[in-house]
Every structure is written in C-alpha cells, then in structure tokens.
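In: Build me a structure from this.
(chains A and B)
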Amino acid sequence: EPEVTQTPSHQVTQMGQEVILRCVPISNHLYFYWYRQILGQKVEFLVSFYNNEISEKSEIFDDQFSVERPDGSNFTLKIRSTKLEDSAMYFCASRLRTGTGSYEQYFGPGTRLTVT
Amino acid sequence: GDSVTQMEGPVTLSEEAFLTINCTYTATGYPSLFWYVQYPGEGLQLLLKATKADDKGSNKGFEATYRKETTSFHLEKGSVQVSDSAVYFCALSPNTGGFKTIFGAGTRLFVKA
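Out: Next up, the predicted model:
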C-alpha cells in the first residue's frame, strides 16, 4: 500500500540554525500538508499546498517557515532560524482530490525536531 | 472557525470494558469526520471516517456515527484490549478550501489487564 515517507526521523539542531524536513507524498496525491505536534499536545495545522502554491496557512506559519515542492516527488518544510519552541514532531500529509469522497489525509511517520 | 472538542483524559479501563470517547464539533457546511489513533512513539493512523450525516464509520471493533443534529462523532468499542492503549484524536476536514484537518486535543486511553 502506498505511504507517505519522511526524512529524517529525528533531527537535532542548534538554535538559530536552518533545518529542512523532507517528505515524499503518495504519488498521485494533489494536496500536501505540514502539521506539528508539540510533545503531549494536539496536532496543529501549519500549511496546505496545492498546484505549486500555498492554499492555506495558519498563524504559526510565519516568515520563518517556507515550503517547496522542488521536483515531482519531494515536499519540504524549511525553518530558517530555529527557536527552542520549534521543537516538536512534524507530520507531512497528502490527500487525493476527487469529485466526491472523504478526502482523508494520509500521514507520514513524522520527523522529531529537537532544537537545543 | 471550525473546531473539535473531545473529552479529556486519561481514560483508564479494564480489559473487556466498554469504551466511549465523546467528540463534538463546530463547522460550517458538511465536514468529513475522522478518528485517528497514535500509539506510543508512533505517527497518526486513520482509525475510521464518516463523510455525511448518519454515516457510521467502523474499524477493528471501533465505531462512530456522524450525528449532524448533535454535531457529534463519539467513538465506541464494545470490549477494549490492552493493545488499544493509545491516544485517540477526533478530527474534521472541511470539504472546501485547502481541506486541512482540524484535530481535537486527544484522549489518552489506558487499558489494564
């Protein structure tokens, strides 16, 4: 069964450094997403991406964040200058849009980002 | 805006007990509703879904019915097992716009042998 993959599984970085989290969505999916989950808390929406542009973003997704689909398979989240509070699990998800249906999202296993 | 409220945990049950985790939502239009499960140290797995009023989603003995009149989507299981211990997230996805998923806060379930 196709699945969303994410690399790395765990990233440790120092405050102020740039990080890039990588995702490979399911190949025929059209919508792509990033979410984050601070330890022990709820899963929060960051951004959705469709047709090579951001379709929606949350208040969390400020100028420090950016997303890119550099080729036909990868979808990346960049944090330009990490802060301690960026430490969280980051989930990528993808979704197939059809005319009808539930449009559920398929989530990757997550990347745990630790900022020291 | 759209939101999901679910009962606070943790919920502690003995094996073979009946489980209910309450979930209500606020949304415009007709969102799709989901339950996701997160086992310790793992990612999010879709447990079940429902796309319209009165739909019943079911999987692995878990069930939830989309109740438009009460804006609820309560999760139930007749007989829990130790292996069901996890965090359960109720979620909705509006069928418009970017189709993001909005999650509830999660309910941690502990099942004792």
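
In: Low-confidence ranges, chain B, go.
Out: B:97-98 (pLDDT under 70).

In: Show me which residues of chain A are close to chain B?
Out: A:31, A:33, A:35, A:41-45, A:48, A:50, A:55-56, A:91, A:93, A:95, A:97, A:101-110 (CB under 8 Å from any CB of the partner chain). (C-beta placed from N, C-alpha, C; glycine too.)

In: Buried only: go through those residues for me.
Out: Buried members of the residues of chain A next to chain B, counted by 16 or more other CB atoms under 10 Å in any protein chain shown: A:31, A:33, A:35, A:42-45, A:48, A:50, A:55-56, A:91, A:93, A:95, A:102-110.

In: what residue lies at the spatial centre of chain A?
Out: For chain A, the residue nearest the mean C-alpha position is A:Trp34 (2.8 Å; CA atoms, centre = their mean).

In: got the contact list for that one?
Out: Each residue near A:Trp34 by CB atoms under 8 Å, 6 or more residues apart in numbering or on different chains is listed here: A:21, A:23, A:46-47, A:67, A:77, A:90-93.

In: how about 10 Å then?
Out: A:Trp34 sits next to A:21, A:23, A:44-49, A:57-58, A:60-61, A:65, A:67, A:75-77, A:90-93, A:108 when contact means CB atoms under 10 Å, 6 or more residues apart in numbering or on different chains.

In: do B:Val82 as well
Out: Residues near B:Val82 by CB under 10 Å, 6+ apart: B:14-15, B:110-113.

In: Ok, B:Phe34 next?
Out: With contacts defined as CB under 10 Å, 6+ apart, B:Phe34 is in contact with A:102, A:104-105, B:4, B:23, B:44, B:46-51, B:57, B:64, B:73, B:89-93, B:101, B:103.

In: Mark which of the residues of chain A next to chain B are part of strands, please.
Out: Counting by DSSP state E, the residues of chain A next to chain B place A:31, A:33, A:35, A:43-45, A:48, A:50, A:55-56, A:91, A:93, A:95, A:106-107 in strands.

In: Around chain A, pick out the residues from chain B.
Out: B:4, B:6, B:31-34, B:36, B:38, B:41-46, B:48-52, B:55, B:57, B:87, B:89, B:91, B:93-95, B:97-106, B:108 (CB under 10 Å from any CB of the partner chain).

In: for the lowest-mean-pLDDT helix or strand in chain A, packing partners?
Out: Within chain A, no helix or strand scores below strand A:106-107, which has a mean of 90 by mean pLDDT, DSSP states H and E. In terms of contacts (3 or more CB pairs under 10 Å, 6 or more residues apart in numbering or on different chains; DSSP states H and E), strand A:106-107 is packed against strand A:31-37, strand A:88-95, strand B:45-50.

In: Would you reformat the ones you listed as TSV and include distance to B:Ser79?
Out: Compiled in TSV, the helices and strands packed on strand A:106-107 are given as follows (distance: least, CB to CB, whole Å):
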stretch	distance to B:Ser79
strand A:31-37	29
strand A:88-95	31
strand B:45-50	16
